[in-house]
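Participant: My questions concern the predicted model and sequence given below.
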Amino acid sequence: MQQRLFEDLIESDVVAHKTKQSYTLPVSLAIHAIVLLFVIVVPLLTSEELPEPTSAVRAFFVEPAAPPPPPPPPPPPAPKAPVTPKVQPKPIIQEPPKFTAPLEVPEQVKPEEGINLGVEGGVSGGVEGGVPGGVVGGVVGGLPDAPPPPTQAVRVGGQIKEPKKLKNVPPVYPDIAKQARVQGVVILECTISPQGKVTDVKVLRGIPLLDQAAIDAVKQWVYTPTLLNGVPVPVIMTVTVNFKLS
């Protein structure tokens, strides 16, 4: 009896479970269909504005840049300068001079007078080959011209005699040379102008403490002009200045 009740109880549970399972499946499918329909249809019914694209997206829709303008046309070539034809001057033809005869012919024609050749037969004391206006007893053909005076100074010697000293200025003995007891002879080479003045002085053999005193004294000396063929010329000569302590 108890076993029968237990079996009936198990059997009733199985039947109840099957009945409940048969209702749940259709309901679940219906709910899923409603949710799916809501997810698909509702967004289509709403008219919301789409967000503006970002800068990265906008870059794909930028219009392409306009092509560069065509290059300007080249400038027209410069007009060529007009070529002027060279006009050659016409040669001037000189006509030969025309000689016209005098209208009136003179009755008497005077003879032309020639150059005065002096006394016919020459003057007394003259020589053959002489010249008019010469000197009696002179040299035939005249004296040769004197050579021009030299432009540079000539050294005294031979035909060039040493000029005479007209003005002598003794040297001033330097104090430092006196204290050092320095004495001796300074040899100089001086150039004398045509007027007899000393223009240049060079030391040939000197003494350091006495050279300048000797040069200063010689530059004040004056000589007679030196003549060459009767013309004053500059000359070069050697002079000595003696320094001696008393």
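Facilitator: Alright, I've got the coordinates.
Participant: Only C-alpha atoms from now on, for both contacts and neighbour counts.
Facilitator: Noted.
Participant: continuing past the lowest-mean-pLDDT helix or strand in the chain, what's the next helix or strand?
Facilitator: Across the helices and strands of the chain, mean confidence by mean pLDDT, DSSP states H and E is lowest for helix 55-58: a mean of 46. Note on helix 55-58: by DSSP states H and E, the next helix or strand toward the C-terminus is strand 154-155.
Participant: Partner strands of that next one and their direction?
Facilitator: Paired neighbours of strand 154-155 in the sheet (DSSP bridges): strand 235-243 (parallel).
Participant: average pLDDT across the partner strand?
Facilitator: For strand 235-243, mean pLDDT rounds to 95.
Participant: now do stretch 29-37
Facilitator: In the prediction, stretch 29-37 has an average pLDDT of 79.
Participant: Okay, domains of this structure per the record?
Facilitator: Segmentation of the chain into domains, based on automatic domain parsing, reads 1-44, 154-243.
Participant: between those domains, which one is nearest to residue 72?
Facilitator: Closest to residue 72 of these is domain 1-44 (CA to CA; 57.9 Å).
Participant: coming back round to it: select from the domains of the chain the stretch with the lowest mean pLDDT.
Facilitator: domain 1-44 (a mean of 62).
Participant: Quick check: nearest residue in space to residue 173, chain neighbours excluded?
Facilitator: Closest residue in space to residue 173, ignoring its immediate chain neighbours: residue 213 at 7.0 Å, by CA to CA, 6 or more residues apart in numbering.
Participant: Would you agree the one you found falls within a strand?
Facilitator: No: applying DSSP: H, G, I helix; E, B strand; the rest coil, one finds residue 213 to be helix, outside a strand.
Participant: mind listing what it touches?
Facilitator: Taking CA atoms under 8 Å, 6 or more residues apart in numbering, we find residue 213 in contact with 171-174.
Participant: count of neighbours near residue 26?
Facilitator: By other CA atoms under 10 Å, 10 other residues sit near residue 26.
Participant: no no, residue 69
Facilitator: Count around residue 69 with other CA under 10 Å applied: 6.
Participant: With residue 221 instead?
Facilitator: Counted with other CA under 10 Å, residue 221 comes out at 17.
Participant: Ok, residue 73 next?
Facilitator: For residue 73, using other CA under 10 Å, the count is 6.
Participant: Got the confidence number for it?
Facilitator: Reading off the model, residue 73 has pLDDT 83.
Participant: Adding distance to residue 66 as columns, could you present the domains of the chain in JSON lines?
Facilitator: Shown next, in JSON lines, are these (distance: least, CA to CA, whole Å):
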{"stretch": "domain 1-44", "distance to residue 66": "41"}
{"stretch": "domain 154-243", "distance to residue 66": "94"}
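Participant: quick one: which of those is nearest residue 80?
Facilitator: domain 154-243 (72.0 Å).
Participant: ends of that closest one, how far apart?
Facilitator: The first and final residues of domain 154-243 sit 29 Å from each other (CA to CA, to the nearest Å).
Participant: Excluding covalently adjacent residues, which one is nearest to residue 211?
Facilitator: The nearest residue in space to residue 211 (CA to CA, 6+ apart) is residue 186, at 6.6 Å.
Participant: Mind listing the strands the helix or strand containing the one you found pairs with, and their directions?
Facilitator: Using DSSP H and E, the element containing residue 186 is strand 184-192. Next to strand 184-192 in the sheet, as set by DSSP bridges, lie strand 198-205 (antiparallel), strand 235-243 (antiparallel).
Participant: hang on, the earlier thing: what about burial for the contacts of residue 213, which qualify?
Facilitator: By neighbour count, with 16 or more other CA atoms under 10 Å, those hold 171, 173 as buried.
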